[in-house]
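Just to be clear, the model below is a prediction. Sequence and coordinates:
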Amino acid sequence: MSRTRKQTQIWQVIYAGLIIIVFAVAGWFTFNAFADTLTVTSEAEAGALSGVAKSCQAANASANTSVRFGATDCNTTGRTYANPIKLDTADPGVLAWEGRYYMVNTSNTALFQIFVSDDLVNWQTTNTSIYPSGVHPWATKNFWAPELHRTANGFAFYYSAFDGTANRIGVATASNILGPYTDLGHPLIAATYASIDVNFFRDDDGKQYLFWKEDEGNTRIFGQEISADGTVLTGTPVVLMQKSLPWEETAGIEGPWLMKKNGQYYMFYSGAFFGSEAYSVGVAKAATPLGTYTKRADPILKSGNRWKGPGHNTVVSIGNNDYALYHAWDGAITGNRVGMLDKITWEADGWPTIGYGTPTESPQPYPN
């Protein structure tokens, strides 16, 4: 055999070896990526997904979903949901915390159960209540419109309830979002007027504010600074706005929720009688949390063909997108209100609108 032929065979063996090594390395990476994908999918199915993909769920044919999982991310393109997102959900208050969403809502008792979701659409109970015994330290009924918030010092649960004389604003605090919560032991706000529909806001500079409704007269919305732990009001309460527009009717305004967008402060609120098709969502804006506020003339969400009396919304932001969670009646003002979810669109004039100006009735893209 010639020297040249021997050299050719040697190089062929070397090339073959290199090819085997390359395929082995590629196979190793492919296997591990596949294993990671299986792990992510398994975690999603178990409701234990973490990291970037936490908001995604495993594909579910019965729900007509389509989700592609990767080792560190997932793709929800083409996945849709339809209202309602949760039954028996009046006055929803939602807090985003560590990749999950926690909801509380108006209760017939002092229990105030906490619900959780990974995507704002599918909600499960946490089997946790603010007052596990069902016994409240100072209130007897009207356990309405609660909200969960992250304060500078922990978590605060705000609500309104009847103390035997009038509706008051209360607060309970905890170091963990699921408690245990300790009530202040007495009303946080016990003014000369009845008070309901409390909202908390923490600004970029660390200052914290509380807003609530005077449940009588001109239904004024008040605002005031509050301490780091969210339990001590400081300064003087300020009247931010009151009923003034025709669509707000005699019943007036309620359910304030403040958010900051592009350097402006937007206060969402509801107007007209809550138990009517006229009940709608309005919005006002100001340069500072304590005003002066200018209302948009018309409501930004009102009754549509199917969903009636939409209102009392929370705003949740995901990246640059904002979503409104609110309640409505299905078809007629009867039975229990249901939880609804629709995207907020910001118009060129700087004002927001929710859904199509009415609650959406067709499938919508998942929040992202």
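Now that the structure is in, tell me what you want to look at.

wait, isn't Gly179 in contact with Ile130?
Yes - between Gly179 and Ile130 there is a contact at 6.8 Å, judged by Cβ atoms under 8 Å. In this view, the C-beta of every residue, glycine as well, is placed from N, C-alpha and C.

Comparing the two, which residue is more hemmed in?
Regarding Gly179 and Ile130, a neighbour count based on other Cβ atoms under 10 Å identifies Ile130 as having more, with 24 against 19.

Leaving out chain neighbours, which residue sits closest to the more buried one?
Sequence neighbours aside, Phe112 is the residue nearest to Ile130 in space, at 4.0 Å (criterion: Cβ to Cβ, 6 or more residues apart in numbering).

what sits against that neighbour?
104, 129-131, 143, 146, 157, 159 (Cβ atoms under 8 Å, 6 or more residues apart in numbering).

Try it again at 7 Å.
Residues near Phe112 by Cβ atoms under 7 Å, 6 or more residues apart in numbering: 104, 129-131, 143, 146, 159.

Check Glu147 too.
Residues near Glu147 by Cβ under 7 Å, 6+ apart: 93, 104, 158, 198-200.

Nearest to Asn262, out of these: which one, please.
Nearest to Asn262 out of the contacts of Glu147 is Asn199 (Cβ to Cβ; 20.3 Å).

Please report how far that closest one lies from Ala96.
Separation of Asn199 from Ala96 (Cβ to Cβ, to the nearest Å): 15 Å.

do Lys295 as well
From Lys295 to Ala96 the distance is 27 Å (Cβ to Cβ).

Who has more neighbours out of Asn199 and Ala96?
Taking other Cβ under 10 Å, Asn199 and Ala96 do not tie; Asn199 has more neighbours (24 against 14).

thought the more buried one was touching Leu258?
Yes - between Asn199 and Leu258 there is a contact under Cβ atoms under 7 Å: 6.2 Å.

what is Phe155 paired to in the beta sheet?
Residues in a beta bridge with Phe155, per DSSP bridges, are Arg150, Ala174.

pLDDT score for it?
Phe155 carries a pLDDT value of 98.

can you count the residues close to it?
22.

Heading C-terminal from the longest strand along the chain, find the next helix or strand.
With DSSP state E setting the assignment, residue counts place strand 307-318 as the longest strand in the chain. Using DSSP states H and E, the helix or strand that follows strand 307-318 in sequence is strand 321-330.

now that next one, how far from the centre of its chain.
Taking Cα atoms, centre = their mean, to the nearest Å, one finds strand 321-330 lying 9 Å from the centre of the chain it belongs to.

List the neighbouring strands of that strand plus their orientation.
Sheet partners assigned to strand 321-330 using DSSP bridges are listed as strand 307-318 (antiparallel), strand 338-346 (antiparallel).

pretty sure Ala90 is touching Met103, no?
No - using Cβ under 7 Å, Ala90 is not in contact with Met103, being 11.7 Å away.

In terms of neighbours, single out the busier of those two.
Neighbours were counted for Ala90 and for Met103 using other Cβ under 10 Å; Met103 has more, 26 against 21.

Now do the contacts for that one.
By Cβ under 7 Å, 6+ apart, Met103 lies in contact with 92-94, 115, 123.

Distance to Tyr266, pLDDT and neighbour count added to the residues you listed, as CSV?
Below are these laid out as CSV (distance: Cβ to Cβ, whole Å; pLDDT from 0 to 100; neighbours: other Cβ atoms under 10 Å):
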residue, distance to Tyr266, pLDDT, neighbour count
Pro92, 18, 98, 28
Gly93, 17, 98, 25
Val94, 17, 98, 24
Phe115, 26, 98, 19
Trp123, 26, 98, 21
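
Make JSON lines out of these and add distance to Tyr265.
Listed next are the contacts of Met103 as JSON lines, based on distance: Cβ to Cβ, whole Å:
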{"residue": "Pro92", "distance to Tyr265": "22"}
{"residue": "Gly93", "distance to Tyr265": "19"}
{"residue": "Val94", "distance to Tyr265": "19"}
{"residue": "Phe115", "distance to Tyr265": "28"}
{"residue": "Trp123", "distance to Tyr265": "29"}
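
Among those residues, which are located in strands?
Among the contacts of Met103, DSSP E puts 93-94, 115 in strands.

Now render these as a markdown table, adding distance to Val135.
Formatted as a markdown table, the ones in strands among the contacts of Met103 follow (distance: Cβ to Cβ, whole Å):
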| residue | distance to Val135 |
| --- | --- |
| Gly93 | 22 |
| Val94 | 26 |
| Phe115 | 22 |
